[in-house]
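# return a 3D structure for these sequence lines:
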Amino acid sequence: MAKCMFQARNLSKGIWVKAVNTKFYLLNRSPTNDFRNITPEEACTGRKPLVKHLCIFRCTSYAHIPTKKGKS
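Next comes the predicted model:
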């Protein structure tokens with residue numbers, strides 16, 4: 001995720017740490033199947049995380065939709 005952000009925005013390597021921290025910050029606020037469709041933060045604290053303060057990074061992203069086994 002951080003590498004994609006750098007490539008999309010032509011960012012310097014000087015802010016690598018901030019980008020990696022942002023990656024994990026966002027992952028902890030994203031629902032996962034591991035926690036029955038709740039966020040890791042919600043699993044630990046019992047509260048839904050606030051995301052109103054997040055802003056758009058303005059880079060192109062694509063969803064990966066895997067093909068079902070046996071279909072072309």
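
# only C-alpha atoms for contact and neighbour calcs from this point on.
Fine.

# might you report the residue contacts of L26?
Residues near L26 by CA atoms under 8 Å, 6 or more residues apart in numbering: none.

# sec struct for it, please.
Under DSSP: H, G, I helix; E, B strand; the rest coil, L26 falls in the helix class.

# just the helices from the protein, written as ranges.
Taking DSSP state H as the criterion, the chain carries its helices at 2-9, 16-27, 40-45.

# list the contacts of the last one.
Okay, so that is helix 40-45. 28-32, 35, 47-49.

# do that again at 7 Å, thanks
Under the criterion CA atoms under 7 Å, 6 or more residues apart in numbering, residues 28-29, 35, 48-49 lie in contact with helix 40-45.

# just the buried subset of these, please.
Neighbour counting over those (16 or more other CA atoms under 10 Å) leaves 28-29 as the buried ones.

# where does pLDDT dip in this protein?
Counting by pLDDT under 70, the chain has low-confidence residues at 1-14, 57-59, 69-72.
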